[in-house]
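> sequence plus predicted model, see below.
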Amino acid sequence: MAEENNGKNSSIPRGYLTEDTKARLEWVKKYSGIELDDSISDKAEDLQGIIENHVGFMKVPMAVVGPMSLQGNYAKGDFCVPICTLEGTLAMSMNRGMYASSLCGGTQVKHFRQELSRAPVFIFNNLEESAQFQTWLKQNKEKVSAAAESTTNHGKVLRIDQYTVQNYIVLDIVMDTKNAAGQNMVTLAAKVACELIRKETGYNYFLESNINSDKKASVRNMLLGRGHGVTAETTIKNNVMKKVLKVDPDVLYENWAYYPVFSSMVGTHGVAIHESNALTAIYLATGQDTACVAENSIAHFDLEKRGDALKFKLTLPSLTVGTVGGGTRLKMQRNNLELLGCADGENSSKKLAEIIAGATLALDISLVCAIGSHTFTDAHMKYGRK
């Protein structure tokens with residue numbers, strides 16, 4: 001999407017009628033310069049590598065929300081965000097959070113990490129074999145890394161972490177996957193690296209130990225991440241909190257402490273609000289692997305008092321997203337990546353991750369304020385039903 005809106009009206013047309021949908025499409029075109037056309041379709045022969053036993057397509061409703069104002073390392077400017085969902089009120093709620101933030105200077109987003117791994121395990125008969133293996137690996141780490149990197153023109157090995165437990169040694173082969181989400185990239189890289197190790201040492205392996213907890217929430221992914229790590233924050237003034245978000249900021253702040261207490265009590269990873277809602281909606285719209293929401297919805301959400309305002313903070317340590325490969329080559333999903341300005345460019349996947357973080361924070365803010373103002377149920381009863 002263009003970095004500026006060229007002075008166009010920033011209010012998305014409302015309504016449920018056919019003419020309202022047409023008005024929104026015109027708004028998107030005028031605002032962003034991108035034309036959304038859901039009549040475009042992919043040919044069956046173009047679906048290899050995406051789906052087997054193909055029989056057709058099932059349309060999922062798509063909306064646009066925004067504009068969302070971001071100041072990030074890679075995402076800078078105003079963005080109109082496409083989402084796909086079957087949950088009434090989600091688009092309206094995300095839009096509300098974006099609007100409140102935009103009235104107060106927007107949202108700051110900072111990409112701070114990108115790494116993905118595959119973690120094969122080697123199993124030994126005794127500790128002496130294990131010790132010999134560790135010595136060999138220490139002496140040949142560069143050779144192993146080169147073998148892994150030989151499988152890709154873009155990915156780079158960042159490090160190979162070792163975890164020793166009893167007669168097991170896990171090699172967590174960590175890579176920078178550039179603009180790809182990278183699951184297949186790291187799998188092939190780890191396979192070739194392990195074949196080199198097996199050939200030179202004689203020790204066998206299993207390609208997956210489950211330490212990298214692919215598509216599973218874990219403490220490992222909460223700390224080290226799986227994909228992109230992004231943090232986002234926005235400071236919303238008290239008058240906007242009351243007028244737009246319909247909540248008393250003092251009441252919200254003074255009572256917020258209960259949420260992390262009970263999150264800890266039930267054993268959730270981090271302090272999340274409903275990240276999976278935002279992630280799934282944007283993942284569907286942009287061709288991501290939606291199963292990754294299982295690990296990507298780990299989050300650290302908090303708020304703090306700042307004078308006559310509240311600062312809302314969110315860290316998403318594990319976003320497994322990309323702008324090349326997989327479902328991103330489908331025509332409609334590619335069109336949506338163009339809408340976000342993430343269809344190409346050296347750092348397009350990092351930009352997408354920052355946009356996702358900003359949108360997720362907006363949705364979190366709206367829900368927290370709806371709960372704090374006792375309007376959560378009312379909103380779903382009014383807008384979540386026909």
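Looks like it arrived, so ask away.
> which residues of the stretch 51-200 of the chain fall in strands?
Assigned by DSSP state E, counting those that start in this stretch, the stretch 51-200 of the chain shows strands spanning 62-72, 76-84, 107-118, 121-123, 156-165, 168-176.
> using CSV, lay out those strands together with distance to Ser297 and mean neighbour count.
(Each C-beta comes from the backbone N, C-alpha and C, glycine too.) Shown next, in CSV, are the strands of the stretch 51-200 of the chain (distance: least, CB to CB, whole Å; neighbours: other CB atoms under 10 Å):
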stretch, distance to Ser297, mean neighbour count
strand 62-72, 19, 22
strand 76-84, 15, 23
strand 107-118, 17, 22
strand 121-123, 27, 19
strand 156-165, 24, 15
strand 168-176, 22, 21
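> mind putting those strands into CSV with mean pLDDT?
Formatted as CSV, those follow (pLDDT from 0 to 100):
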stretch, mean pLDDT
strand 62-72, 98
strand 76-84, 98
strand 107-118, 97
strand 121-123, 97
strand 156-165, 96
strand 168-176, 97
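> these two touch, right, Lys191 and Leu207?
Yes. Applying CB atoms under 8 Å as the test, Lys191 and Leu207 come out as touching, 6.0 Å apart.
> out of the two, which sits in the busier spot?
Between Lys191 and Leu207, Lys191 has the larger neighbour count (other CB atoms under 10 Å), namely 18 against 12.
> can you tell me how far that one is from Arg118?
Per CB to CB, to the nearest Å, Lys191 is found 8 Å from Arg118.
> so what sits against both of these two?
Residues touching both Lys191 and Arg118 (CB atoms under 8 Å, 6 or more residues apart in numbering): Leu207.
> now do stretch 73-81: distance to the chain's middle.
Between the centre of stretch 73-81 and the centre of its chain there are 15 Å (CA atoms, centre = their mean, to the nearest Å).
> repeat for stretch 101-116
12 Å.
> then stretch 324-335?
Here stretch 324-335 is found 16 Å from its chain centre; the criterion is CA atoms, centre = their mean.
> what of stretch 17-36?
26 Å.
> could I get the buried residue list for that stretch?
Neighbour counts over stretch 17-36 (16 or more other CB atoms under 10 Å) mark Arg24, Leu25, Trp27, Val28, Tyr31, Ser32, Ile34, Leu36 as buried.
> also stretch 316-336?
Along stretch 316-336, these residues count as buried under the neighbour rule (16+ other CB under 10 Å): 316-330, 332-336.
> helices - which of those residues land there?
Judged by DSSP state H, those include Met332, Gln333, Arg334, Asn335, Asn336 as members of helices.
> output these as TSV; include the columns distance to Lys43 and pLDDT.
Listed next are these as TSV, based on distance: CB to CB, whole Å; pLDDT from 0 to 100:
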residue	distance to Lys43	pLDDT
Met332	13	97
Gln333	15	98
Arg334	14	98
Asn335	16	97
Asn336	19	98
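> strands of the stretch 251-386 of the chain, start to end?
Going by DSSP E, counting those that start in this stretch, the stretch 251-386 of the chain shows strands at 270-271, 299-306, 309-319.
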